[in-house]
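K.L.:
coords below, sequence missing:
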């Protein structure tokens, strides 16, 4: 990745942090946090789930499994590059569904807190618009998008939906309740980077791997902070969707 691209991405993160911090000062963001009666038990379940999806990620990237499951999501044209990460994210999300069913917990405990939906939606849309502006892609969007770009947007949304629900919704909420906000946020970010590592390793040289891992960790921590401020996984989903989608114009 070129230095200018890295600088642009860091600038984007700083903009996301600033706008989110300003918007979160509104009284509308003051809602009761989602808590867990058995904090240690749910925290250990979250760590176990993280280890399971990380192991699945390595199996997915190093064997024939990735090619087979990626074929279940045949996105056309340039969107085809999202098929494998989309398959990995969607099938990893199934583990969250199983965990919720076994524990008898509602989807709100995976970051879908109905009380915070409205404010989180507004933050997510504001960040999506900010990202378009910071990436200098306003005219690309205004001029209309092709069918391939629309498919890319759909794939980007699917990836963001699954990844943010897993790591910022299910895992981070539980670890933060058990270990504390800062510790849970950090551990969830590290788990996300470890989960993405196999796909990064398959993409290039050792220096590129280190850079990619650092950027993934940074993005995970930014999205985790966004989750903490908004109280709903929808805000990081909308931001991640736009951030990923705009790569189609590069």
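P.N.:
That came in fine, so what should we check first? Source: prediction; values computed, not measured. Numbers count the residues shown, from 1 in each chain.

K.L.:
So, low pLDDT: which residues of this protein?
P.N.:
Scanning the chain with the threshold set as pLDDT under 70 gives 1-2, 203-204.

K.L.:
For it, list the residue farthest from the centre, please.
P.N.:
No residue in the chain has its C-alpha farther from the mean C-alpha position than residue 143, which lies at 27.8 Å (CA atoms, centre = their mean).

K.L.:
Quick check: it vs residue 12, distance?
P.N.:
From residue 143 across to residue 12, the span is 22 Å (CB to CB, to the nearest Å). No exception for glycine: its C-beta is placed from N, CA and C like everyone else's.

K.L.:
Pull the number of nearby residues for residue 20.
P.N.:
Other residues near residue 20 come to 24 when the count uses other CB atoms under 10 Å.

K.L.:
Can you name the residues that contact it?
P.N.:
123, 127, 225, 226, 229, 230, 235 (CB atoms under 8 Å, 6 or more residues apart in numbering).

K.L.:
For these, pick the one with the most neighbours.
P.N.:
Of the contacts of residue 20, with other CB under 10 Å as the count, residue 235 tops at 33 neighbours.

K.L.:
Leaving out the residues flanking it, which one is nearest to residue 32?
P.N.:
Of all residues not flanking residue 32 in the chain, residue 115 sits nearest, at 7.5 Å (CB to CB, 6 or more residues apart in numbering).

K.L.:
Sorry, slip of the keys, the one I care about is residue 126.
P.N.:
Spatially, and ignoring its direct neighbours in sequence, residue 126 is nearest to residue 19 (6.0 Å; CB to CB, 6+ apart).
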